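coordinates only, sequence not included:
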């Protein structure tokens, strides 16, 4: 009898007592959610505000002029009695590292992604894909250590020694060099590019491939002439994201790129990137109001603007060139 | 695109086929290179940590030999595959891959064995002592325990902060899509903002954290020597008793005046138990209890016997003698000399004063008993003892600004992983079918009830995977914490959220910066430990994902 008395199970989940109370609760929860959302905007505002305020303080120092900062080719706040603050040596270090990183990461990452998406059997992909995600999470300090203890000795060919047992270093690489840091950053970016590119290529509808094969194209022609162009916006976005990552990468360059602030295109030499300089200042003993300490904020602002532009371009490319199928 | 395919069609069939094969080979080679690099990374770190490979030159040489051997073989194998494909018979692909893998294994294991054979005087740093030890200037005795516990604290706080805020933001963006055009534009802006935040270099977050959390935008200005405003802390004055024991007395606040020891002062021992202390003035410094007892005992014995022998004693003389006796410090002096001094004074006295002598006797005895009673307490304390101000912090101790503390570090890391959590939560919410929500709304649930009881539970596995991946990022992140924590030599584990800290990646960085090989080995051992933690963490994420592939997703 009782079993059939109530055909509808009473909803046990927080039935509010009145509509008013219910509405109040909804409003309160919405308020909380909106507060969280606004918080994320506040983060951006805070970053921009801090960087702008401290950069203004930096440019008000006597040693600094705006024109020297943007056009100067010398940056030596720590040594010498005449300090120069031209941003280009640090920017060149960053760009050099990012370029080498992309030379390593883009071919390796892109081709691996093509293989994963178009060639690899599904069993292999099921193993490789999660492994890539784990590898994307390897701490950057590990890659920095790898650069310092493996890549640099290999570049210096350290096992070739003269009769006194000193390394001959036939290629002329310094102990700290841009190439080693760049290669390590590139290795760091490979899983990221592979994973994102593979996602983009998998999103290309199967019908396109089938049409290509139907026309008699080989697997190579299908993947390079059909799938890659179709997934192009995703690939470019992935590469831009990787460049942003390489530009902002800190621990590897702090360990392996050295601390020489020079405008050079010789990858065998040391050239400190923006992030490396910031580590040097914050890890050092500079007093909080000194010009070299405040200069790190101007460097951070430069870095922020660089990555911001890259992110915006990536966003724009993805929206502009995204090809909609189905 | 189409034109190129047509052109390709006109070329020779064999040429196209070769191109296809070559590219397949390049693809496999590229994937193999990526794998090889990562295997090299792991092998090199482990061999260094365990002291199998002593010098970097040696390591580099072995890797170079291994890599060239392997790539040579891969080239041969690729050529073989190409040939096999061209001739369409002969060697099967599976056999080729099998041989390639076997040779790869052979090369890797030969590197390991060669290095095992070369392991000379290098020591193994990957030991239990390394895990439980504290950082040290000597590499042999250095350990990573404070950094491990620091990582636990910082990442725990980071998760507590970032996960609720991130999930709430994602729910707001995904589940409460506005219809109003103006508000929709703001939504787009919110999304763009999060995309941008995900791309901000983590070191910039470190600068934000330093200004926002560690210094609180400079709102609270403190003088150099001033203690910051705080809660969850009790201030004490610490004294040292005459017996070299420490006692404490609680204060009202950090600005209370220094305590002067008095009989009413509530002294406590380290466990907070009440301690009775006898206050002595600065003039009557008391000797150590045991010696005092023995000396007093002996003196009273002698005094008693000698007084018996002396018949005529003046009261005045005895009182005078007692006065010179009372500073009990003198008890330590040779009692014989004191006795003769008394004898000298009372010589020639006429009055029989047996009673007076016995009173003196009793008084001295009483003093000695008091002394014994005092010895039963923690000790004696001088009335002008120096009060040292001490802050005893409870586990919920909080101060503003946060300073270079665990809390500032945790919140900063939280900012770093917030966009990652938001994006992964958005993706898993998007994967929940719309029909689930429609059913809930049709049953009369409010929008929030729909989210809380249907959409969110369905998205939980995805959110958890994303959270674990974000947390593993947090565990490995060093750059922002490097700015927050600075260069610190921490040998203790944090006890509250305001303590200074170090984390594993930071400790590894610190070791890797030093030039000595032993410190490189320490860094390698730290990396092995860190990677072990991360891999087990990620294994959990993958297990969750596999388990959660239910009908909804």
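Noted; the coordinates are in hand. Note that the structure is predicted; figures quoted are calculated from it, not measured. Numbers count the residues shown, from 1 in each chain, chains lettered A, B, ... in the order given.

phi first, then psi, for residue B:238.
phi -110, psi 130 (degrees, to the nearest 10).

contacts only, for the residue most central in space within chain A.
Nearest to the geometric centre of chain A sits residue A:245, at 1.0 Å (Cα atoms, centre = their mean). Taking Cβ atoms under 8 Å, 6 or more residues apart in numbering or on different chains, we find residue A:245 in contact with A:188-189, A:192, B:199. For every residue, glycine as well, the C-beta is placed using N, CA and C.

which of those residues count as buried?
Burial by neighbour count, 16 or more other Cβ atoms under 10 Å in any protein chain shown: within the contacts of residue A:245 this picks out A:188-189, A:192, B:199.

what ranges do the strands span in chain B?
B:230-240, B:246-250, B:277-280, B:379-382, B:388-399 (DSSP state E).

which secondary structure elements does the third one sit against?
Looking back up the chat, that one is strand B:277-280. strand B:379-382 (3 or more Cβ pairs under 8 Å, 6 or more residues apart in numbering or on different chains; DSSP states H and E).

now swap in the last one and tell me
Under the contact criterion of 3+ Cβ pairs under 8 Å, 6+ apart, the helices and strands touching strand B:388-399 comprise strand B:230-240.

picking up where we left off before, tell me which residues of the helix or strand where the residue nearest to the centre of chain A lies are tucked away?
Using DSSP states H and E, the element containing residue A:245 is helix A:232-248. Applying a neighbour-count criterion of 16+ other Cβ under 10 Å, one finds A:233-248 buried in helix A:232-248.

circling back: pLDDT, distance to residue B:510 and secondary structure added to the contacts of residue A:245, as a markdown table?
Putting these into a markdown table (pLDDT from 0 to 100; distance: Cβ to Cβ, whole Å; DSSP: H, G, I helix; E, B strand; the rest coil) gives the following:
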| residue | pLDDT | distance to residue B:510 | secondary structure |
| --- | --- | --- | --- |
| A:188 | 91 | 21 | helix |
| A:189 | 92 | 25 | helix |
| A:192 | 90 | 27 | helix |
| B:199 | 88 | 28 | helix |
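
which pair of these spans the longest distance?
A:188 and B:199 (15.4 Å; Cβ to Cβ).

up against chain A, what does the stretch 401-550 of chain B have?
B:415, B:418-419, B:422, B:446-449, B:453, B:469, B:472-473, B:475-479, B:482-483, B:486-487, B:505, B:508-509, B:512-513, B:520, B:523-524, B:527, B:530-531, B:534-535, B:538, B:542, B:545 (Cβ under 8 Å from any Cβ of the partner chain).

now, the residues you listed that are in helices?
B:415, B:418-419, B:422, B:447-449, B:469, B:472-473, B:475-476, B:479, B:482-483, B:505, B:508-509, B:512, B:520, B:523-524, B:527, B:530-531, B:534-535, B:538, B:542, B:545 (DSSP state H).

can you tell me which of the residues you listed are buried?
The neighbour-count test (16+ other Cβ under 10 Å) marks B:415, B:418-419, B:422, B:447-449, B:469, B:472-473, B:475-476, B:479, B:482-483, B:505, B:508-509, B:512, B:520, B:523-524, B:527, B:530-531, B:534, B:538, B:545 as buried among those.

give me the nearest residue to residue B:170, chain neighbours excluded.
The shortest distance from residue B:170 to any non-neighbouring residue, by Cβ to Cβ, 6 or more residues apart in numbering or on different chains, is to residue B:425 (3.6 Å).

number of nearby residues for that neighbour?
When neighbours are counted by other Cβ atoms under 10 Å in any protein chain shown, residue B:425 registers 26.

show me the contacts for it.
Listed by Cβ under 8 Å, 6+ apart, the contact set of residue B:425 reads B:166-167, B:170-171, B:174, B:459, B:462-463, B:466.

have a look at chain A and report its longest helix.
Per DSSP H, chain A has its longest helix at helix A:19-59.

closest one to chain A out of the contacts of residue B:425, please.
residue B:171 (6.1 Å; Cβ to the nearest Cβ).

interface residues of the stretch 151-300 of chain B facing chain A?
B:164-165, B:168-169, B:171-173, B:176, B:189-190, B:192-208, B:210-212.

which of these fall within helices?
Under the assignment DSSP H, those contribute B:164-165, B:168-169, B:171-173, B:189-190, B:192-199, B:202-208 to helices.

from the residues you listed, keep the buried residues only.
B:165, B:168-169, B:171-173, B:190, B:193-199, B:202-208.

I'd like the next helix or strand past the longest helix of chain A.
Next along from helix A:19-59, by DSSP H and E: helix A:66-71.

quick one: residues in contact with that following helix.
With contacts defined as Cβ under 8 Å, 6+ apart, helix A:66-71 is touched by A:59, A:84-88, A:298.
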